[in-house]
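Novice: sequence unavailable; structure follows:
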């Protein structure tokens, strides 16, 4: 059983991986976009009972999909891993370049990011 003081490890669902993989990287704007040129962000969605058990999953979409959640930019490194990697349905990890990755909500210079880290 996981230690309740450990932060949740957000998983990446197949639908979210597919959505991001269908997007493009705009080098001029340094952002992920839909093929129509609309910025794409990630955010966390928690389900379950706070303080007891929670499942935290990444979601992705445009600002109109976001609601009141905190948006996280998707850096190019994370985008490349998601777009070109293989998703494991058992673990929610994405394998790319011989490594497996999770994605964490991370603040970088005051900006929330969907950051990749190898496990």
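Specialist: Great, that's in hand. Keep in mind the model is a prediction, meaning the values are calculated, not measured. Numbers count the residues shown, from 1 in each chain.
Novice: gap between the two ends of stretch 73-89?
Specialist: With CA to CA, to the nearest Å as the measure, stretch 73-89 spans 24 Å from end to end.
Novice: what residues does it touch?
Specialist: Contact with stretch 73-89 is made by 12, 14, 17, 20-21, 23, 25, 30-32, 40-42, 60, 93-97, 100-101, 103, 111-116, as judged by CB atoms under 8 Å, 6 or more residues apart in numbering. Using the backbone N, CA and C atoms, a C-beta is placed for each residue, glycine as well.
Novice: return the subset of these lying in helices.
Specialist: Residues of those located in helices (DSSP state H): 14, 17, 20-21.
Novice: which member of these is positioned nearest residue 72?
Specialist: Using CB to CB, residue 20 comes nearest to residue 72 of the ones in helices among the contacts of stretch 73-89, at 12.0 Å.
Novice: now that closest one: how far from residue 109?
Specialist: Separation of residue 20 from residue 109 (CB to CB, to the nearest Å) stands at 23 Å.
Novice: same question for residue 61.
Specialist: Counting by CB to CB, the gap from residue 61 to residue 109 is 24 Å.
Novice: of these two, which one has the most company?
Specialist: A direct count of neighbours by other CB atoms under 10 Å for residue 61 and residue 109 places residue 61 higher, at 19 against 5.
Novice: check contacts around the residue nearest to the more buried one when sequence neighbours are not counted.
Specialist: In this structure, residue 61 finds its nearest non-sequential neighbour in residue 40, 6.7 Å apart by CB to CB, 6 or more residues apart in numbering. With contact set as CB under 8 Å, 6+ apart, residue 40 has these partners: 19-20, 23, 31-34, 60-62, 74.
Novice: farthest pair within those residues?
Specialist: Across those (CB to CB), the longest gap, 15.0 Å, separates 19 and 31.
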